[in-house]
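1. model the structure of this input:
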Amino acid sequence: MDANRKRVLELSEQGDWADVLQLVVLHPALAQAQDDFGMLPLHWACTEPSVSLDVISTLTRAFPGACKLENLSGMLPLHVAIKAKAPGLLVSALLDVNPQAALARDGNGRYPMDLAIANNLPSFTIDVIRKAGAQALQSATASTDSDNQSEDEEIPMLMKTPSMMTSTQSLEAVHSSTLSLQLKELLSQLHQLSMDIRVNSTSSSSTTYRSSFSSAFSSSGTDGLTSVLWNPSDRFGIVLEPAVKEMGARIKGFSSRSDVLGVESLAVGDVLVNINGASVANTAFASIMRFLKHSKGMCKLRFRSTVDTTAASKCSTGSNPGSEQDNAMYSKVAEMLETTLKKVSAVEETVRVSSAMSLCT
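-> Numbers count the residues shown, from 1 in each chain. The predicted model follows:
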């Protein structure tokens with residue numbers, strides 16, 4: 001069975017669905033197989049917008065619980081399908097199995113409705129998600145009472161009852177959507193500002209930058225391990241190659257620009273140890289690249305340095321008045337950026353959820 005589990009995952013990654021279905025029909029338990037990244041065959045199927053509905057239905061019949069399981073990026077199959085711009089019928093098939101998924105946040109804290117709107121999905125698909133959310137609401141409210149008020153505060157605004165809606169909400173939805181888009185643009189500008197600081201800083205101040213702004217996102221210790229964060233919507237800019245005989249991955253080089261937070265702490269030859277806590281040392285290089293290509297949520301990548309950084313560390317601790325001045329400036333800028341990003345992100349979240357609520361009329 002272990003050989004079959006490995007085989008069905010390989011076939012799923014390759015998109016060979018005819019062979020996948022053959023195996024799953026013979027051994028339904030294979031639909032529960034997960035790879036190193038928490039990806040089920042259903043997750044992989046949802047990365048392909050053109051996949052047959054027969055594939056989705058066969059996999060969900062064999063393992064209905066697949067619609068409720070997240071991968072290591074915090075993505076349900078529904079989130080993966082929406083990000084891949086899957087057709088409405090495929091999205092509907094997933095929601096038929098698990099309507100509650102319409103109210104589940106992804107790894108970045110966004111609801112399916114948010115993802116659908118952000119990815120410019122057709123109105124039919126958005127309506128399917130909205131109706132599924134309303135049905136999940138009715139089911140939830142029918143099985144709860146007034147004693148669950150504290151739990152109700154945690155329920156997404158998408159679930160609020162129709163009695164909360166007013167005749168002015170359609171107008172409010174327009175204003176909320178506009179404001180949400182403006183806030184998203186501001187977030188993008190702030191993020192770009194942080195990137196510009198990285199690119200335009202001098203070699204001396206870039207060391208200071210690493211010790212200030214990037215320290216909030218990357219961590220390294222005496223064990224030679226460095227963690228960085230990458231949002232799949234940003235430029236990766238790190239060229240990887242197999243570490244040993246098509247297994248694992250290591251840094252081959254860098255492109256002209258990378259938006260990975262903490263990338264300054266990495267070097268050519270550093271070995272990728274894990275992704276989101278899952279070890280990839282013994283994972284096929286092709287599987288690692290496929291996961292990164294299709295990942296939709298924030299990824300934490302940990303690298304192990306292959307060189308001794310002790311000497312460099314000693315050099316960096318030397319006294320330099322100019323560097324100390326840069327340190328104060330960049331630390332202040334980093335602190336301001338981090339605080340502003342958090343505040344704007346919080347406001348954008350409130351407006352976005354409020355907008356989603358107004359759409360549920």
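2. and the strands in this protein?
-> For the chain, strands defined by DSSP state E occupy the ranges 219-220, 225-230, 238-241, 250-254, 271-275, 278-279, 299-304.
3. what are the ranges of the helices in the stretch 251-361 of the chain?
-> Listed in chain order, the helices of the stretch 251-361 of the chain (DSSP state H, counting those that start in this stretch) span 285-294, 310-316, 321-359.
4. rank those helices by pLDDT, which is bottom?
-> Note on the helices of the stretch 251-361 of the chain: lowest mean pLDDT is at helix 310-316, with a mean of 46.
5. domain ranges for this protein?
-> 2-164, 202-311 (automatic domain parsing).
6. need those domains in TSV with mean neighbour count, can you?
-> Using the backbone N, CA and C atoms, a C-beta is placed for each residue, glycine as well. Formatted as TSV, these follow (neighbours: other CB atoms under 10 Å):
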stretch	mean neighbour count
domain 2-164	18
domain 202-311	17
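7. any idea which of the ones you listed scores lowest on pLDDT?
-> domain 202-311 has the lowest average pLDDT among those, namely a mean of 76.
8. not counting its neighbours along the chain, what's nearest M298?
-> Closest residue in space to M298, ignoring its immediate chain neighbours: N231 at 5.5 Å, by CB to CB, 6 or more residues apart in numbering.
9. over to V228?
-> Closest residue to V228 apart from its sequence neighbours, by CB to CB, 6+ apart: G262 at 3.7 Å.
10. my guess is that neighbour meets I238, correct?
-> No - the pair G262 / I238 is not scored as a contact, 11.1 Å apart, by CB atoms under 8 Å.
11. now the helices for the stretch 1-150 of the chain?
-> 2-14, 17-26, 41-46, 53-62, 77-83, 88-97, 112-118, 123-142, 149-152.
12. JSON lines for these, including distance to G224?
-> Converted to JSON lines, the helices of the stretch 1-150 of the chain look like this (distance: least, CB to CB, whole Å):
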{"stretch": "helix 2-14", "distance to G224": "30"}
{"stretch": "helix 17-26", "distance to G224": "40"}
{"stretch": "helix 41-46", "distance to G224": "32"}
{"stretch": "helix 53-62", "distance to G224": "41"}
{"stretch": "helix 77-83", "distance to G224": "34"}
{"stretch": "helix 88-97", "distance to G224": "42"}
{"stretch": "helix 112-118", "distance to G224": "37"}
{"stretch": "helix 123-142", "distance to G224": "45"}
{"stretch": "helix 149-152", "distance to G224": "45"}
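13. quick one, which of the ones you listed is nearest to V268?
-> helix 2-14 (27.5 Å; CB to CB).
14. okay, how far is it across stretch 65-74, tip to tip?
-> Criterion CA to CA, to the nearest Å; first-to-last residue distance in stretch 65-74 is 15 Å.
15. need the contact partners of it.
-> Contact with stretch 65-74 is made by 31-32, 34, 37-43, 59-60, 76-78, 80, 94, 97-98, 100-101, 105-108, 275-278, 295-299, as judged by CB atoms under 8 Å, 6 or more residues apart in numbering.
16. run the last query once more with 7 Å
-> 31, 37-40, 42-43, 59-60, 76-77, 94, 97-98, 101, 106-107, 276, 278, 295-297, 299 (CB atoms under 7 Å, 6 or more residues apart in numbering).
17. how about stretch 57-64?
-> Contacts of stretch 57-64 (CB under 7 Å, 6+ apart): 21, 24, 28, 31-32, 41-42, 45, 66-67, 93, 97.
18. which pair of the residues you listed spans the longest distance?
-> It's Q32 and A93 that sit farthest apart of those, by CB to CB, at 18.7 Å.
19. contacts only, for A101.
-> Counting by CB under 7 Å, 6+ apart, A101 has contacts 67, 76, 78, 94-95, 112.
20. can you redo those residues as TSV with distance to L11?
-> Formatted as TSV, the contacts of A101 follow (distance: CB to CB, whole Å):
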residue	distance to L11
C67	20
L76	22
L78	22
L94	21
L95	26
P112	28
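21. cool, thanks, signing off.
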